[in-house]
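Asker: Next one to model:
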Amino acid sequence: MKKSLLALTSLLAGSQVEAATWQFQWTPAAGENTPTVEVTPFKYGKSWAYGVEIDDGGIGALTVSQPLLARYQWNVAPPGVAGGANKPFVGTAAVVVGSIGRNSASMNFEQIAELKKLGWSIVNHSYWHSGVHWDKTKMNTPEQFRRELFWSQSVLAEFIGGGRAPTHFVFPNGDYNYGPYLHEFGLLSGSRTSGSSPRNLFDPKLNLLNFNRNYLDTEPWKAKNNALHGLPEKPQPGDFVIDFTHGMSDDPKSINNKLWVERLNHIVKGWEPQGDNSMWVAPTDEVFDYFHASRGAKTTVTKGTITV
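Answerer: Numbers count the residues shown, from 1 in each chain. Next up, the predicted model:
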């Protein structure tokens, strides 16, 4: 047993971000000044990011949400730069490990692997979806939090991550009390059900272990009477907007599908190939991991060489 636990612990260690070095070389022109170099906080020089999370690991993430989002595209060119390739919208599947392959409504490991090949990320949504924050008599103990995180991270690293555990956690039942335990298990960020915590990565009050999302399940969303609920009218540099739901509908006559189509059409017309091209669309963990890396990146410039 001790040997097994040590092996699993090594998998968790693999989830930590490793340092890497890149060099870019060119032949300077005569009289060329040494350039100033910085690492942008978002990939492709974008000013803000958008992501979609599908909670609980249902099969609909693969059969409905993936093809629906893929109908929409964003462009990799920096704002104001012509050209660039268009890429489909992708999302993040937050899986409950204990429910993987439980029945036909839940994705199995093969289906999760298929979703990953389509550009989606798989993140941790606990092992048994335990924990509540609204009733102190039912709250997890520290031991229970650690057990949920240890085993879910271990299984995800072994069977999904190729030896690497996820770096992002989605709080089950919105239980932000998991937060203090995340770093212990290689988790660098955590998102809650909704809330009002900062979602701008430049905000001095930012807490990456308590990141809010737009809650877009059909009934609460319909009650808002606004397909654009939670979308900023004018995104600010550093904003990261995460929409989350437990599932989407592929029935074009359904309220849910109509709301998503209106919302996604608005997004691409305003900020992507048809708009100002300022938005980066990516899985949640990719945005947070890149942000962590950009903050810690060091650059040096010599004649003809940039080292990051």
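Asker: Pull out the buried residues from stretch 266-280.
Answerer: 267-268, 270-272, 275, 277-280 (16 or more other Cβ atoms under 10 Å). To be clear about C-beta, it is placed using only N, CA and C from the backbone, and glycine gets the same treatment.
Asker: Show me how far stretch 247-257 is from its chain's centre.
Answerer: For stretch 247-257, the distance from its own C-alpha centre to the chain's C-alpha centre is 23 Å (Cα atoms, centre = their mean, to the nearest Å).
Asker: can you redo the buried residues of stretch 266-280 as TSV with distance to residue 208, secondary structure and pLDDT?
Answerer: Listed next are the buried residues of stretch 266-280 as TSV, based on distance: Cβ to Cβ, whole Å; DSSP: H, G, I helix; E, B strand; the rest coil; pLDDT from 0 to 100:
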residue	distance to residue 208	secondary structure	pLDDT
267	24	helix	97
268	27	helix	95
270	26	helix	93
271	23	helix	92
272	25	coil	78
275	28	coil	86
277	26	coil	94
278	22	coil	96
279	20	strand	98
280	17	strand	98
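Asker: Of those residues, which pair is most distant in space?
Answerer: Across the buried residues of stretch 266-280, the longest distance by Cβ to Cβ is 14.3 Å; it joins 270 and 280.
Asker: mind putting the buried residues of stretch 266-280 in TSV, distance to residue 306 included?
Answerer: Shown next, in TSV, are these (distance: Cβ to Cβ, whole Å):
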residue	distance to residue 306
267	34
268	33
270	34
271	30
272	29
275	31
277	25
278	25
279	27
280	22
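Asker: Could you point out which of those is nearest to residue 247?
Answerer: Using Cβ to Cβ, residue 267 is the member of those that lies nearest residue 247, at 19.5 Å.
Asker: Which residue is the nearest non-sequential neighbour of the closest one?
Answerer: The shortest distance from residue 267 to any non-neighbouring residue, by Cβ to Cβ, 6 or more residues apart in numbering, is to residue 50 (6.7 Å).
Asker: Residue 293 looks like it's in a helix, true?
Answerer: Yes: using DSSP: H, G, I helix; E, B strand; the rest coil, the secondary structure at residue 293 is a helix.
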